[in-house]
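Participant: quick one: sequence and predicted model below, then my questions.
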Amino acid sequence: MVRKRKLQRIQEVGAEVEAALLEQGEATKMQTYSDEHLFAIDTAGSKAKKPKKEKDPAVWSSKFNPTKAKSMDATIKQLAAKPQPKKTGKKSQVENLWGSDGAAITTTAAERALDEYVAPAVIKKKAALVRPPSTKYKIKPVEVAASGQSYHPDFESHQDVLAEAVAKKLEKQAKREADRKPMAKGQLSEETKAFINDKDSSDEEEEEAEDVDDDNEESAKPKAKVQEKLTRSERNRQARHKKLTKEIETRKAGKKLLKQINTVTSITGELNKKEKNARKAKEVKKFLLEKKLEEEPEILIRGKKQKLNRDTIVSLTEELSGNMRTLKPKGSVLQDRFDSLLQRNMIEIGKPKKMAKKATKFVPKHKYRNDDEI
């Protein structure tokens, strides 16, 4: 039994060795052959007849007329009917980092190729709202002072500026006194009383006249007649009357039309006059608007438009020394610049902000237990 197994193993090993040798021989068989055995050179050539070379009529023949060639017309029409494919240029692998407007491109080509519903949303940042300065009024950034406000002015110009400053001061004082003055209690002027009495008497007269008119209307109102059946002759008479009134109305309309045609010249003259007056009024309005824009503008202070009522800065006659070193300074450069910014609508005086009060937290002193816990 053992001998049989040993023989069987020897046969299996021998078969494996033979298979390996055959496989190695097949692999190295081509390496031992010479070049003449592997390659064959065809020196005899093929016995088949070569095709004859024919001349191309479109190139070599001078008698060929392309306009009479039907086949060429057919091919041209066929090419024209068929849509020509567009040649797509080669895309550069390097992406453009800057757009047409010079801004940087944040999205990639793959994201831009996506559908609008799939592509990521690009939120553009909005610039901060900048309030543009008002260019409506013709205001200079730096106002040049009058000649009378100089440190060594002429007598006349200095007196003019002084008079202007005093007038402004008196006007402000009168306005303040009028605002503080209390209103009269229950006292009416004689003119107001006379106006009220006249109004009461006129109201009484109107009421009496209305009563008289009502009585007259009631008395003059005719009684409604009982409508009787008309005869044929009466109906014919009414029809003739209606026809006659209609003819009279048509004649009047014709005469009126002729009269209007004759008065065309006068109507055109009136229209020209109205246009001239309207043009003149427009020019006056434009002039007044330009003049208004040269005045001091109203400024928005605490949500209300009002003018800056500043006092005119001028030195008194006793304070003028004629020397800049000994002259007392008047006014403030900071206030002047602040007023200029206000008038040019570059800043705004707002309302004072109220400090928000903190919410008070209620903390109970004693904690009460529920009835269940007792």
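Facilitator: Received the coordinates, thanks.
Participant: what is the strand or helix carrying residue 24 packed up against?
Facilitator: Residue 24 belongs to helix 2-32 when assigned by DSSP states H and E. Using 3 or more CB pairs under 8 Å, 6 or more residues apart in numbering; DSSP states H and E, no helix or strand is in contact with helix 2-32. To be clear about C-beta, it is placed using only N, CA and C from the backbone, and glycine gets the same treatment.
Participant: residue 16 and residue 6: what is the separation?
Facilitator: Distance of residue 16 to residue 6, computed by CB to CB, to the nearest Å: 16 Å.
Participant: still on that earlier bit, after the helix holding residue 24, next one along is what?
Facilitator: Criterion used, DSSP H and E; the element after helix 2-32 is helix 35-38.
Participant: run through the neighbouring helices and strands of that following helix.
Facilitator: By 3+ CB pairs under 8 Å, 6+ apart, helix 35-38 packs against no helix or strand.
Participant: show the average pLDDT along that helix.
Facilitator: Mean pLDDT, computed over helix 35-38, is 75.
Participant: any stretches of this protein with poor pLDDT?
Facilitator: 1-2, 42, 44-45, 55-70, 83-123, 128-135, 183-189, 199-227, 350-353, 365-374 (pLDDT under 70).
Participant: strands of that one, residue ranges please.
Facilitator: 299-301, 304-306 (DSSP state E).
Participant: neighbouring contacts of the first one?
Facilitator: By CB atoms under 8 Å, 6 or more residues apart in numbering, the list of residues contacting strand 299-301 from outside reads 305, 306, 307, 308, 342, 343, 345, 348, 349.
Participant: check stretch 144-152 too.
Facilitator: By CB under 8 Å, 6+ apart, stretch 144-152 touches 153-154, 157-162, 313-315, 320-324, 327.
Participant: filter the residues you listed down to the buried ones and express that as a ChimeraX selection.
Facilitator: Buried members of those, defined by 16 or more other CB atoms under 10 Å, are picked up in ChimeraX with:
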select :153,158,160,161,162,314,315,320
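Participant: count the neighbours of residue 176 for me.
Facilitator: 10 (other CB atoms under 10 Å).
Participant: now for it: which residues touch it?
Facilitator: Per CB under 8 Å, 6+ apart, neighbours of residue 176: none.
Participant: and it, how far is that from residue 301?
Facilitator: When residue 176 is compared with residue 301 (using CB to CB), they lie 18 Å apart.
Participant: need the contact list for residue 296.
Facilitator: Here residue 296 is in contact with 307, 308, 343 (CB under 8 Å, 6+ apart).
Participant: picking that back up, restricted to helices, list the contacts of strand 299-301.
Facilitator: 342, 343 (DSSP state H).
Participant: who wins for most neighbours among the contacts of strand 299-301?
Facilitator: Most surrounded of these: other CB under 10 Å gives residue 343, at 20 neighbours.
Participant: ok, now which ones touch the closest residue to that residue other than its chain neighbours?
Facilitator: Nearest non-adjacent residue to residue 343, counting by CB to CB, 6 or more residues apart in numbering: residue 139, 5.3 Å away. Taking CB under 8 Å, 6+ apart as the criterion, residue 139 is in contact with 297, 340, 343, 344.
Participant: can you name the residues that contact the residue lying closest to the first one once chain neighbours are set aside?
Facilitator: Distances taken as CB to CB, 6+ apart put residue 137 closest to residue 297, at 4.2 Å, once the chain neighbours are dropped. Applying CB under 8 Å, 6+ apart to residue 137 gives the contacts 293, 294, 295, 297, 343.
Participant: so residue 172 touches residue 307, yeah?
Facilitator: No: applying CB atoms under 8 Å, one finds residue 172 not in contact with residue 307, separated by 11.8 Å.
Participant: hey, what's in contact with both of the two?
Facilitator: Common neighbours of residue 172 and residue 307 (CB under 8 Å, 6+ apart) do not exist.
Participant: helices of the stretch 101-250 of the chain, start to end?
Facilitator: Remark: helices assigned in the stretch 101-250 of the chain by DSSP state H, counting those that start in this stretch are 109-113, 155-180, 190-220, 232-262.
Participant: give me the buried subset of the contacts of residue 137.
Facilitator: For these, buried by 16+ other CB under 10 Å: 297, 343.
Participant: using JSON lines, lay out the contacts of residue 137 together with distance to residue 266.
Facilitator: Below are these laid out as JSON lines (distance: CB to CB, whole Å):
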{"residue": "293", "distance to residue 266": "41"}
{"residue": "294", "distance to residue 266": "43"}
{"residue": "295", "distance to residue 266": "44"}
{"residue": "297", "distance to residue 266": "48"}
{"residue": "343", "distance to residue 266": "53"}
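Participant: and which of the contacts of residue 137 is nearest residue 230?
Facilitator: residue 293 (78.0 Å; CB to CB).
Participant: and that closest one, how far from residue 7?
Facilitator: 129 Å.
Participant: okay, now the domains of this structure?
Facilitator: The chain breaks down into these domains under the TED database: 139-181+296-351, 233-295.
Participant: among those domains, which is nearest residue 357?
Facilitator: domain 139-181+296-351 (17.9 Å).
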